[in-house]
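*Asks:* Show me how the following folds:
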Amino acid sequence: MPIELKMPALSPTMEEGTLAKWLVKEGDVVKSGDLLAEIETDKATMEFEAVDEGTIAKLLVPEGTDGVKVGTVIAMIAEEGEDAGAAASAQPRAVATDAGETGAGQPAKAPTPEPQEKGYGASPTQDAPLVKAQPQASAGGDRVKASPLARRIAEQKGIDLSGITGSGPNGRIVKADIENAGGLAPRAAAPGQAPSAAPQAAVPVAGDIPGETIKLSNMRKTIARRLTESKQTVPHFYLTVDCNLDALLKLRGDLNKGLEARGIKLSVNDLLIKALGVALTDVPNANVAFAGDNLLKYSRADISMAVAIEGGLITPVITDVANKPLSKIAQEAKDLALRARDGKLAPHEYQGGTASISNLGMYGIKQFDAVINPPQAMIMAVGAGEKRPYVVNDSLQIATVMTATGSFDHRAIDGAVGAELMAAFKRLVEAPLGMLA
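*Replies:* Next up is the predicted model:
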């Protein structure tokens, strides 16, 4: 009996997706780990990989098709020893009615999400995209790493990706690389293939300003919808404190000397994550979430840390931060950030969390207000540490000062509770030995 390849539910909110591109053709023999297709969902553009061996008997949904419902049979695969012709003529069985069902015998595993174009800002919600670009075969047969958007633009402009050096993670080609490659020769057409259409001329998008209209991906639509909902439905209020980092920086230096033999190096962000986790434990009324007629009060602090990737942000979660040693937090944060940028996070690693932290200090940002990541009720926005005049022991001195701003959901957290959390965070940052007790 042929295996039905169905459109999977790749996130709790996914009801339909776009079959962006087939990476196989009818008659191809596939084995476990082979890439079958690229699927664009409300969260990401993802690779779809085979887990069983078989022959692609029939592709039922053309690439580029929008609005393919979850559970729809998109291809038929003949099992080993089965006649591919018979499998191709077989009628798909009933479509799954459960959005989470992918069908028995489904020959594909949940894809690894992949990053697209780089963007920064507040954490975009737990439906935030994790998108990883897939390699594309060039005319010479080599595999070229490029984001789906970059490849789309390259195809429109007729640019050969094999002649471009990528500036994204692991040498991945991103949109900016294509835009900077205007002088490259067009991609040579394969034998028997019609030349690519000429790139469309820029069209005016506002008055006489030249530009172009770019169709939003499902991922970007979701970001726009969820962040709009957050600002429209969550009553934000903001509290800001200045923190003297000198003691924390000294402690970090001392700890790193002791951890050097173990190959562990603490970052300032690792200590700030720890400080927020301990502060939430010390002020449990701030470690909550609004849930309609109920208030969820968490018994541990799981911190979502915002990581910039191509296309936006992803928020991998470090669990039980208050009870973890700094060395463990540093190892987990480094591992999660690297795998986030390479598109290798599992969904459970970037979903959940009781509060978030977003640090833009590395970009020289002094202060900013982050958007709350529903259903969480707060996010800490951290700016750069810089030398400023600061009162220390009743005298004006020069200190390394960092500005931190908490965004709070007023439905779940009152102003006094938010202020108590900010005071606890400031106290732990300025007297960091309290985090280790």
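*Asks:* Check which residues of stretch 19-28 are buried.
*Replies:* 19-24 (16 or more other Cβ atoms under 10 Å). (Each C-beta comes from the backbone N, C-alpha and C, glycine too.)
*Asks:* And for it, what's in contact with it?
*Replies:* The contact list for stretch 19-28, computed with Cβ atoms under 8 Å, 6 or more residues apart in numbering, reads 7, 30, 34-40, 45, 55-59, 61-65, 68, 74, 84, 88, 134, 148.
*Asks:* Report the backbone C-alpha coordinates of that stretch in PDB.
*Replies:* Extracted in PDB, the C-alpha atoms of stretch 19-28 (Å, rounded to 0.1, in the frame of the first residue of the first chain):
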ATOM      1  CA  LEU A  19       4.100  24.200  -0.400                       C
ATOM      2  CA  ALA A  20       7.000  26.500  -1.300                       C
ATOM      3  CA  LYS A  21       9.100  24.100  -3.300                       C
ATOM      4  CA  TRP A  22       9.500  20.400  -4.100                       C
ATOM      5  CA  LEU A  23      13.100  19.200  -3.700                       C
ATOM      6  CA  VAL A  24      12.300  15.800  -5.300                       C
ATOM      7  CA  LYS A  25      10.500  14.800  -8.500                       C
ATOM      8  CA  GLU A  26       8.300  11.900  -9.500                       C
ATOM      9  CA  GLY A  27      10.400   8.700  -9.800                       C
ATOM     10  CA  ASP A  28      13.100   9.800  -7.400                       C
END
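*Asks:* What mean pLDDT does that stretch get?
*Replies:* Average pLDDT, stretch 19-28: 89.
*Asks:* What is the nearest of the buried residues of stretch 19-28 to D342?
*Replies:* L23 (19.0 Å; Cβ to Cβ).
*Asks:* Can you pull the phi/psi pair for the closest residue to the closest one other than its chain neighbours?
*Replies:* Nearest residue to L23, sequence neighbours excluded (Cβ to Cβ, 6 or more residues apart in numbering): L35, at 4.6 Å. Main-chain dihedrals, L35, degrees, to the nearest 10: phi -80, psi 130.
*Asks:* Then Y350?
*Replies:* Taking degrees, to the nearest 10 as the convention, Y350 sits at phi -130, psi 10.
*Asks:* I'd like the distance between it and A20.
*Replies:* Distance of Y350 to A20, computed by Cβ to Cβ, to the nearest Å: 21 Å.
*Asks:* those helices in the stretch 251-400 of the chain, which residues are they?
*Replies:* Assigned helices in the stretch 251-400 of the chain, in chain order: 268-282, 326-341 (criterion: DSSP state H, counting those that start in this stretch).
*Asks:* what pairs with the residue nearest to F368 when sequence neighbours are not counted across the strands?
*Replies:* Nearest non-adjacent residue to F368, counting by Cβ to Cβ, 6+ apart: A381, 5.1 Å away. Beta-bridge partners for A381, by DSSP bridges, are S358, T405.
*Asks:* residues in contact with A381?
*Replies:* Neighbours of A381 in contact, by Cβ under 8 Å, 6+ apart: 122, 358, 360, 367-370, 404-407.
*Asks:* The same query, at a cut-off of 10 Å, please.
*Replies:* Shown in contact with A381 (Cβ atoms under 10 Å, 6 or more residues apart in numbering): 122-123, 238, 240, 306, 356-361, 365, 367-371, 403-407.
*Asks:* per-residue confidence for V70?
*Replies:* Per the predicted model, pLDDT is 86 at V70.
*Asks:* now do the one 5 residues further on
*Replies:* According to the prediction, A75 has pLDDT 88.
*Asks:* for D142, same thing?
*Replies:* D142 carries a pLDDT value of 45.
*Asks:* From the buried residues of stretch 19-28, pick the one nearest R225.
*Replies:* Set against R225, the nearest of these by Cβ to Cβ is A20 (19.9 Å).
*Asks:* who does the helix or strand where that closest one lies pair up with?
*Replies:* If you go by DSSP states H and E, A20 is part of strand 16-22. The pairing partners recorded for strand 16-22 under DSSP bridges are strand 35-40 (antiparallel), strand 65-69 (antiparallel).
*Asks:* any idea which of those strands is most buried?
*Replies:* strand 35-40 (a mean of 22; mean count of other Cβ atoms under 10 Å).
*Asks:* Run the chain-centre distance for that strand.
*Replies:* How far strand 35-40 lies from its chain's middle: 18 Å, per Cα atoms, centre = their mean, to the nearest Å.
*Asks:* Let me know the average pLDDT across the helix or strand just after that strand.
*Replies:* Helices and strands here follow DSSP H and E; after strand 35-40, the next one along the chain is strand 45-50. Taken as a whole, strand 45-50 carries a mean pLDDT of 76.
*Asks:* Each with direction, which strands does strand 45-50 pair with?
*Replies:* Assessed with DSSP bridges, strand 45-50 is paired to strand 35-40 (antiparallel), strand 108-109 (antiparallel), strand 113-114 (antiparallel).
*Asks:* Can you give me the distance of the residue nearest to L23 to A50?
*Replies:* Distance, L35 to A50, using Cβ to Cβ: 8 Å.
*Asks:* ok, now G166?
*Replies:* Taking Cβ to Cβ, one finds G166 at 27 Å from A50.
*Asks:* Same question for L216.
*Replies:* For L216, the distance to A50 - Cβ to Cβ - is 30 Å.
*Asks:* More neighbours: the two, which one.
*Replies:* Higher neighbour count among L216 and A50: A50, with 22 against 10, using other Cβ atoms under 10 Å.
*Asks:* Tell me the bridge partners for the more buried one.
*Replies:* For A50, the beta-bridge partners are A108 (DSSP bridges).
*Asks:* residue contacts, it?
*Replies:* So A50 contacts 3, 5, 24, 30-37, 56, 77, 107-109 (Cβ under 10 Å, 6+ apart).
*Asks:* I318: which of those is nearest?
*Replies:* When the contacts of A50 are compared against I318 (criterion: Cβ to Cβ), the nearest one is K109, at 25.7 Å.
*Asks:* For the closest one, report the pLDDT, please.
*Replies:* For K109, the predicted pLDDT is 49.
*Asks:* Counting neighbours, what do you get for the nearest residue to A37 once chain neighbours are set aside?
*Replies:* Using Cβ to Cβ, 6+ apart and skipping the chain neighbours, the partner closest in space to A37 is F48 (4.5 Å). Residues contacting F48 under the criterion other Cβ under 10 Å number 26.
*Asks:* from memory F48 sits against L36, does it?
*Replies:* Yes: with contact defined as Cβ atoms under 10 Å, F48 counts as touching L36 (4.7 Å).
*Asks:* element containing I56, please.
*Replies:* If you go by DSSP H and E, I56 is part of strand 54-59.
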